[in-house]
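> Sequence first, predicted coordinates after that:
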Amino acid sequence: MEAAVGDRVKINSRVVGMKEQTGEIIEVRGPSGEPPYVVRFEDGHEGLIFPGPDALIVPKPGGPVD
């Protein structure tokens with residue numbers, strides 16, 4: 001998994017009734033765009049994440065496309 005600052009991360013819920021989380025990657029701490037990432041979520045909180053298989057990286061508009 002690779003990402004860049006400005007990309008968005010969507011984390012799907014693994015529990016019924018739990019809301020999907022979406023946020024903007026504001027810092028990439030791994031080499032070559034790899035995790036961990038510092039993310040600012042829609043509710044304003046920030047956290048360091050290591051995305052799992054339930055996460056999707058959405059490139060920022062105008063960013064590189066695979």
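Yes, it's here.
> who touches the residue nearest in space to the middle of the chain in this structure?
With distances taken as C-alpha atoms, centre = their mean, V9 lies nearest the centre of the chain, 2.7 Å away. V9 sits next to 3, 22-25, 37, 39, 49, 51, 55-58 when contact means C-beta atoms under 8 Å, 6 or more residues apart in numbering. For glycine as for every other residue, the C-beta is placed from the backbone atoms N, C-alpha and C.
> try it again with 7 Å
Shown in contact with V9 (C-beta atoms under 7 Å, 6 or more residues apart in numbering): G23, I25, Y37, V39, P51, A55, I57.
> same deal with M1?
E34, P35, P51, I57.
> Pretty sure the third one sits against E34.
No: using C-beta atoms under 7 Å, P51 makes no contact with E34, being 10.2 Å away.
> E27 - nearest residue in space that isn't next to it in sequence?
Leaving aside its chain neighbours, E27 sits nearest to V38 (3.8 Å; criterion: C-beta to C-beta, 6 or more residues apart in numbering).
> contacting residues for that neighbour?
Neighbour list for V38: I26, E27, R29, E46, L48 [criterion: C-beta under 7 Å, 6+ apart].
> can you do 8 Å?
Each residue near V38 by C-beta under 8 Å, 6+ apart is listed here: I25, I26, E27, R29, E46, G47, L48, I49.
> I26 now?
Residues near I26 by C-beta under 8 Å, 6+ apart: V5, V38, V39, R40, E46.
> Could you please name the strands the helix or strand that contains it pairs with and the direction of each pair?
Using DSSP states H and E, I26 sits in strand 21-28. Strand 21-28 has the following sheet partners, assigned by DSSP bridges: strand 8-11 (antiparallel), strand 37-41 (antiparallel).
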